[in-house]
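what's the 3D shape of this:
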Amino acid sequence: MAEEKDVAPDTSPGKDGENIQTQLQEEYLKSLGQLEEGQLIDGNVVLVTSDQVLIDVGLKSEGKIPISEFTEIPKVGDTVSVILVAKENKYGEVIVSKQKADAKLFWKNLRQAFTDKRAIDGKVDKLVKGGFEVVLGADARAFLPVSQADVQKLEKPEKLLNQKIRVYVERLYSDGKINIVVNRRKCMEEELETKRHDFFENTPIGTDVTGIVKSFTSFGAFIDLGGFDGLLHINDMSWGHVTRPKDFVKKGQEIRLKVIRIDRQEKRINLSLKHYTDDPWVHFEEKYHVNDIVKGKVTKLTEFGAFIELEEGIEGLAHISEFSWLKKVQKPQDLLKSGDAVDCMILGYDLQAGRVSLGLKQVQENPWDTIVEKYPVGTRIKRKVVKVTNVGAFIELGDGVDGFLHGDDISWTRKSKNFGLSVGQEVEVAVIAVDAENRNVKLGIKQLSEDPWKEFCENYKSGSPVEGEVASVTDFGVFLRVPGGIEGLIHKTNLVENREEDPDEALKKYKPGDKLKAIVLEIQQDKQKVAFSLRDYQKKVQRDDLSRYMAKEESSDSTYTLGAVLKSKNDGAEEANSSNAG
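Numbering: from 1, shown residues only. This is a model prediction of the structure:
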């Protein structure tokens, strides 16, 4: 049996080279079989020149891509996605396209973003009817309706041009054609909600923030804090009085503010300007004290008084009752207007409530403090009438003080609603009473002369005869004016001597100016009233005649009878009064 021998492989250099070349050809042919033209593949950058980029895609030659197809120039070693256009052209070159690859990737990502409701990037290119045209990439353009372009109305749409924005794809096709519609507003709302949530969760009270003045209301200004608003209330603009928010901040102004309140449940933010300075009330008692006279500026007038600012943040109220010692002020506007600089006195304050009570009249001398010395009772003065009422007249004394002349103090004897006084008329009066505490000065004209009632009561008593003239005739009697100008009533029943006579007929006999003699029936000095009687006077005359007759009888033997004497005297008295009445 023949012995078996091992056969060694052929390892000569020529043979090895042929094997390697064969393997490479096999690998190349294998790779050619795996790749298909139009396929999206990845390649590696092996060379970058000034005008092109060489990409190794695993074939026998590199693909060449114009550098213009790159938005950013790649580096050697970078991976780039391309479309295999041709495995080998007639020159044996591999043809690839990055531009086609980008378009394919773009549409793939666009469809996926639409399906997943994911935001994509775009750039606003131009204004079109109803909105904007947005470039998305790979020559794809979308329509952005103006209503979906922002969370608020765009005052100047052109400001959005050339801006890079984030949008949601609302639509890709319409009627089988590409018709892309995008929505920026939804992206912004989500972004703002995220910012708002972060603000409420992570912002402590006292934080300084920066915002833009967005709009005004009667109670303050809304501040844009980056897509969501905070309120700068009018009371938080200044420690002082603020009438118009626009006096402190301007629309569009960027300002620094302090967060003073956050309501996470209601999503409200309150901001402040004034909290960058100390509350002036903290130092109030260091600068102000009760009874201090201070300067201030009128900031506001109300029906009950005036608000006066002593300094920024310190505002007090001068009640209308503290305006004047003398005048009863009906409206603050009669004496003051907003912006007036005034001197006033601090009457009191409440630090906790932030209130100061002020007085205007207290900085002036009170004329009532010296009124008694200046116008003692009995003083006779000549002054002008400033006002006439249905019960009397006000007389100007001076220094803003008026005295009152009551109708009852014009004459001792005349009682009339027509005082005979007019505004501007100068009259002489006497001071009859002064009440400084109640601010009242009483004046009188009749007190310039003696009281005729006093003299009358001294000279006449009940039963005394008196002579006068008829002042007036009424339905119930005759008023008789007697010495001193005093008038008293003769009731019509006291005009007749007996009941058989008709008083009304007797009343017709008399007229003003007739001279009459009567008897005083009754005097009421406190009420300044007196009553007279013509009948009693006639009876007195008869009694006096009887007395004289009786005295004469005792001294002589007269043949006249008593009846004849009385008849003769009575006829004489009636004839006398009748002739006076006629």
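
Below-threshold pLDDT in the chain: ranges please.
By pLDDT under 70, the weakly predicted segments of the chain are 1-34, 415-418, 553-582.

Now do the same contact list for the most centrally placed residue in it.
A centroid search over the chain (Cα atoms, centre = their mean) returns T243, at 7.5 Å, as the residue closest to the centre. By Cβ atoms under 8 Å, 6 or more residues apart in numbering, the contact set of T243 is T299, K300. C-beta coordinates here come from the backbone N, C-alpha and C atoms, glycine included.

Shouldn't it be within a strand?
No: going by DSSP: H, G, I helix; E, B strand; the rest coil, the assignment for T243 is coil, not a strand.

Distance-wise, check it relative to G206.
Distance check for T243 against G206: by Cβ to Cβ, to the nearest Å, it reads 28 Å.

what does L480 give?
From L480 to G206 the distance is 95 Å (Cβ to Cβ).

Show me which of these two is the more surrounded one.
L480 (27 against 10; other Cβ atoms under 10 Å).

and that one, what does it touch?
V466, G468, E469, V470, A471, E487, G488, L489, I490, L516, A518, F532.

Tell me the secondary structure at it.
strand.

Give the bridge partners for it, please.
Beta-bridge pairing for L480 (DSSP bridges): V470, G488.

how close does it sit to K446?
21 Å.

Can you give me every residue that contacts the nearest residue to H319 once chain neighbours are set aside?
The shortest distance from H319 to any non-neighbouring residue, by Cβ to Cβ, 6 or more residues apart in numbering, is to G305 (4.4 Å). G305 makes contact with L317, A318, H319, I320, E322, F323, P332, according to Cβ under 8 Å, 6+ apart.

Ok, F404 next?
G392, A393, F394, I395, N440, V441, K442, L443.

returning to that earlier point: can you turn the buried subset of the contacts of L480 into a selection I can paste into ChimeraX?
Command for ChimeraX that selects the buried part of the contacts of L480, burial taken from 16 or more other Cβ atoms under 10 Å:
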select :466,468,470,471,487,488,489,490,516,518,532
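
now, which of the contacts of L480 sits nearest D224?
E487 (89.0 Å; Cβ to Cβ).

wouldn't the closest one be in contact with G477 here?
No: using Cβ atoms under 8 Å, E487 is not in contact with G477; the gap is 11.6 Å.

Count residues in the vicinity of the spatially closest residue to K331 that is not a sequence neighbour, would you?
In this structure, K331 finds its nearest non-sequential neighbour in E303, 7.4 Å apart by Cβ to Cβ, 6+ apart. Neighbour count of E303, defined by other Cβ under 10 Å: 9.

From what I see, E303 and Q330 are in contact.
No: in this structure, E303 is not within contact of Q330 by Cβ under 8 Å, at 9.5 Å.

Take the contacts of G305 and write them to CSV, including secondary structure and distance to V182.
Below are the contacts of G305 laid out as CSV (DSSP: H, G, I helix; E, B strand; the rest coil; distance: Cβ to Cβ, whole Å):
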residue, secondary structure, distance to V182
L317, strand, 60
A318, strand, 64
H319, strand, 65
I320, helix, 66
E322, helix, 69
F323, coil, 68
P332, helix, 62
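
Now for the residues you listed: which two are most distant?
Spanning the widest gap among these are L317 and F323, at 11.8 Å by Cβ to Cβ.

how about CSV for the contacts of L480, with distance to T277 added?
Shown next, in CSV, are the contacts of L480 (distance: Cβ to Cβ, whole Å):
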residue, distance to T277
V466, 89
G468, 87
E469, 87
V470, 87
A471, 82
E487, 79
G488, 82
L489, 82
I490, 88
L516, 92
A518, 91
F532, 87
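
Can you tell me which of the contacts of L480 lies closest to E428?
The closest of the contacts of L480, once distances to E428 are taken by Cβ to Cβ, is E487, at 23.9 Å.

Name all residues that make contact with that closest one.
T413, A471, F479, L480, R481.

quick one: the last one and A471 touch, right?
This means R481. Yes: between R481 and A471 there is a contact under Cβ under 8 Å: 4.1 Å.

Now E505. Its backbone dihedrals?
Dihedral pair for E505: phi -70, psi -40, per degrees, to the nearest 10.

Make 9 the first number, not 1, from now on.
New numbering, starting at 9: the last item is E513.

how close does it get to L200?
In terms of Cβ to Cβ, E513 sits 108 Å off from L200.

The two: which has the busier surroundings?
L200 (15 against 11).

give me the element the more buried one is part of.
Per DSSP states H and E: L200 is located in helix 193-210.

Let's see that helix as CSV, backbone CA atoms only.
Presented in CSV, the C-alpha positions along helix 193-210 are these (Å, rounded to 0.1, in the frame of the first residue of the first chain):
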residue,chain,number,x,y,z
ARG,A,193,-50.5,80.2,17.2
LYS,A,194,-50.9,76.7,18.7
CYS,A,195,-47.1,76.4,19.2
MET,A,196,-47.0,79.8,20.9
GLU,A,197,-49.9,79.0,23.2
GLU,A,198,-48.2,75.8,24.3
GLU,A,199,-44.9,77.7,24.8
LEU,A,200,-46.6,80.4,26.8
GLU,A,201,-48.4,77.9,28.9
THR,A,202,-45.1,76.2,29.7
LYS,A,203,-43.6,79.6,30.6
ARG,A,204,-46.6,80.6,32.7
HIS,A,205,-46.5,77.3,34.5
ASP,A,206,-42.8,77.7,35.2
PHE,A,207,-43.4,81.3,36.5
PHE,A,208,-46.2,80.3,38.9
GLU,A,209,-44.2,77.3,40.2
ASN,A,210,-40.8,78.9,40.5
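
those helices in the stretch 309-458 of the chain, which residues are they?
379-382 (DSSP state H, counting those that start in this stretch).

quick one: buried residues of the helix holding L200?
R193, K194, C195, M196, R204, F207, F208.

can you tell me which of the residues you listed lies nearest to V104?
C195 (35.3 Å).

you'd agree the closest one is up against Y176?
Yes: the pair C195 and Y176 passes the contact test of Cβ under 8 Å, sitting 6.1 Å apart.

what's the overlap in contacts for these two?
Common contact partners of C195 and Y176 (Cβ under 8 Å, 6+ apart): A127.

how many other residues sit next to G228?
20.

Run through the bridge partners of it.
T225, H241.

Enumerate every residue touching it.
L239, L240, H241, I242, D244, M245, P253.

Kindly report the same for G386.
Contacts of G386 (Cβ under 8 Å, 6+ apart): A438, V439.

The stretch 109-258 of the chain: strands as residue ranges?
128-136, 139-145, 148-153, 172-182, 185-191, 216-225, 228-232, 237-241 (DSSP state E, counting those that start in this stretch).
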